[in-house]
Structure formats: structure tokens, C-alpha cells
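Participant: model the structure of this input:
(one chain, ligands or ions: 2)
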Amino acid sequence: MATTSMTSLTLTNGMTIDQIGFGVFQIPPTETVAPVRAAIEAGYRLIDTAQGYGNEEGVGQAVRESGVPRDELFITTKLTNSEHGRDKTLRAFDASMDKLGLDVLDLFLIHWPLPMYDQYVETWKAFEELHASGRVRAIGVSNFTKETLQRLFDETDTVPVLNQIELHPRFPQAELREFHAQHGIVTEAWSPIGQGKGLLDEPVLAEIAQAHGKTPAQVVLRWHVQLGIVAIPKSVNPERIAQNIQVFDFELSDDDMARIATLDTGERMGPDPATASFR
Ligand SMILES: NC(=O)C1=CN([C@@H]2O[C@H](COP(=O)(O)OP(=O)(O)OC[C@H]3O[C@@H](n4cnc5c(N)ncnc54)[C@H](OP(=O)(O)O)[C@@H]3O)[C@@H](O)[C@H]2O)C=CC1
Ligand SMILES: O=C(O)C(=O)[C@@H](O)[C@H](O)C(=O)CO
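Facilitator: Ligands and ions are numbered 1, 2, ... in the order given. Below you'll find the predicted structure:
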């Protein structure tokens, strides 16, 4: 039976992370407080921002205004691409903490590996320093491939607790999910509902949604939950914010999961992490 409340996963350091969180990419800085507050009121406790989104202040303000005890919230931010390298990483972390208004961050991620600049190993060692200082409870990565993860395994002391990657039914990342599982790394899906574009119009999702009395977005987010991963949908619409977390009162059958698997096109929507070089 499906549970009726949020489910969570355990990171290798013993922390737990909710399977549905709230993403804030493309929410303008001056418009961030209201949707984050709506998300917290709807039950989200995991909030995903990034230095590059320019809206860490709004996230921090919403957290403070929410009235929810700090230790019940799980705040993630990400090191922006221009700040790779030890000293820049440490300075950029301080700037994030000032903007968020936090003493301790829950999770800090390297946003992109940028293998062509070859600074991600040095950057990861700075993350290890930050973790050792106690200012961040967990460290992880985003957009890492098997190859870039393997270098961290080979050349540093810490395995990332989590890798946040593009993942939705059109690009389900089975191979990388399996690799993560072998190394105890939690998979977190970005653009989990395909940026709200064509994916949600797929007839198979409409059919499954109708059978369960749910929406296509809820079916896709439930699919993420049943894959055993974390998903961080974004919305600025209070009804959709609430809808996207209401995925714990139904269960997809094996047949539903198999039908959703037919949507795999093998094509990304976003940049390829092996070649993405933007700073
Ligand atoms: N690490 C990385 O490189 C990346 C990380 N991310 C993270 O992942 C988060 C989510 O990814 P994102 O790219 O925003 O895309 P999502 O897959 O979350 O889709 C967001 C879009 O879907 C719409 N939407 C939301 N809910 C529904 C619904 N129930 N029905 C129909 N449409 C809906 C939203 O519109 P509306 O707001 O109007 O509701 C918005 O246009 C980001 O906010 C960010 O935190 C994203 C990209 C890259
Ligand atoms: O949203 C993010 O976190 C991203 O890294 C991407 O959206 C990225 O900025 C991108 O798509 C650049 O084209």
C-alpha cells in the first residue's frame, strides 16, 4: 500500500531526505518568498536553490518567516560554475550563508563538474573542508557522470551523499541510477516533470492519471517516488505547489510503471554534463 504521508531516504551519513522537495530555478529573486512560503505551508521541507538562481535571499526569508523550526527544514544550495577552486569555493559558501541567513546548511552541491576546466577535484576537497568545519551537514554533487564521480572516489576521501541530475520519464537515467546505488549515492531528479512541457501531455500519462484520479504531474512524481529517488518539482502556482506533493495516497502498479517506461526517448532537455562548459 502507498503511504499517505511523505516518504524519505537515508543518506550515507545517516541524515534523511524527503522524496519530494521544492525547486526554485527561474523564480525571480523578488518573487521567491511567496512560493517558498506556500511550499512550506503545503508540507515541503526540502528546498533546492543555487547561487546561480540569484534567489537565495528569498529562500532564507521564507524559511525565517515560515515559523517551521529550522531543524525540520532541509536547505540545499549549489556552488556556481564560476567559483570552482578551493579559495573561491570557500568564499562563495560564505556568501551563500549570508544570503540565506543560515548558520548551518543542510546540503551543498557542486552544480556542474565542468570537466574541461579540471577543477572539480580541488573544489570537492574544499567541500570536504567545509563539511569538516561543521558549517554544512552533507556534501554532494550535481550533473556528475560516472567518470567524474569515479575521479572523486579515486582522488578524495569522501563519496558524495547525492547526485542531482536531469531525470524524468523521457530520460530515466537507469545506468547512472544503478551506479549511484552501488556507491550508496542518493539520486535526485531535476526537471522531474519535464519542465512542464510536452511530457505532461503524453496520452499514456493522462490514461494512468485518470485511472487513479490524479494529474499527469502527480503520476510522474509518484513514478520518481517508486523509483526510490528524490524529485524537486518547481511551481509558482499555489494549487500546483500543493498538487505536486500530494503523491503519497496512491500507488502505481507494475503495469503503470512499465507503461511510463515506454516514454524513454534517451534524449536530454538540458546540457550534457560531459561537455557543458558555461560559467
Ligand atoms: N542541478 C541542475 O543543473 C538543475 C536543477 N534544477 C532544479 O530542479 C528544479 C525543478 O526543475 P525545473 O527545471 O524547474 O522543472 P520542473 O520539471 O519542475 O517543471 C517546472 C515547470 O512545470 C510547471 N508545473 C509545475 N507543476 C505543474 C503541474 N502540476 N502541472 C503542470 N505544470 C506544472 C511549472 O509552471 P508553474 O511554475 O507556472 O506552475 C514550470 O513551468 C528546479 O527548480 C531546480 O531547483 C533544474 C534544472 C537544472
Ligand atoms: O537550473 C539549473 O540548476 C541549471 O544548472 C540549468 O538550468 C542551467 O543553468 C542551464 O540549463 C543552462 O542552459
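
Participant: tell me the contacts of residue 59?
Facilitator: Going by CB atoms under 8 Å, 6 or more residues apart in numbering, residue 59 touches 24, 32, 36, 47, 49, 75, 100. For the C-beta atoms, the positions are set from N, CA and C on the backbone; glycine is no exception.

Participant: can you give me the neighbour number for the second one?
Facilitator: Applying other CB atoms under 10 Å, we find 23 residues neighbouring residue 32.

Participant: before we move on, what about residue 111?
Facilitator: Residue 111 has 20 nearby residues by other CB under 10 Å.

Participant: ok, which of the contacts of residue 59 also contact ligand 1?
Facilitator: residue 24 (CB under 6 Å from any ligand atom).

Participant: reformat the contacts of residue 59 as a markdown table; add distance to residue 116.
Facilitator: Output for the contacts of residue 59, formatted as a markdown table (distance: CB to CB, whole Å):
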| residue | distance to residue 116 |
| --- | --- |
| 24 | 28 |
| 32 | 32 |
| 36 | 34 |
| 47 | 31 |
| 49 | 26 |
| 75 | 30 |
| 100 | 30 |
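
Participant: which of the contacts of residue 59 count as buried?
Facilitator: Using 16 or more other CB atoms under 10 Å as the burial test, those include 24, 32, 36, 47, 49, 75, 100 as buried.

Participant: make a markdown table from those and add distance to residue 138, pLDDT and secondary structure to it.
Facilitator: Shown next, in a markdown table, are those (distance: CB to CB, whole Å; pLDDT from 0 to 100; DSSP: H, G, I helix; E, B strand; the rest coil):
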| residue | distance to residue 138 | pLDDT | secondary structure |
| --- | --- | --- | --- |
| 24 | 19 | 98 | coil |
| 32 | 23 | 98 | coil |
| 36 | 21 | 98 | helix |
| 47 | 14 | 98 | strand |
| 49 | 16 | 99 | coil |
| 75 | 11 | 99 | strand |
| 100 | 15 | 98 | helix |
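
Participant: and the residue in the stretch 101-250 of the chain positioned nearest to ligand 1, backbone torsions?
Facilitator: Nearest residue of the stretch 101-250 of the chain to ligand 1 (CB to the nearest ligand atom) works out as residue 196 at 2.3 Å. Backbone torsions of residue 196, given as degrees, to the nearest 10, read phi 70, psi 10.

Participant: roughly how far does it sit from ligand 2?
Facilitator: Relative to ligand 2, residue 196 is positioned 14 Å away (CB to the nearest ligand atom, to the nearest Å).

Participant: report pLDDT for the closest residue to that residue other than its chain neighbours.
Facilitator: Excluding its sequence neighbours, the residue lying closest to residue 196 (CB to CB, 6 or more residues apart in numbering) is residue 217, at 7.7 Å. As predicted, residue 217 sits at a pLDDT of 98.

Participant: let me know the helix or strand that residue 217 is in.
Facilitator: Following DSSP states H and E, one finds residue 217 within helix 216-227.
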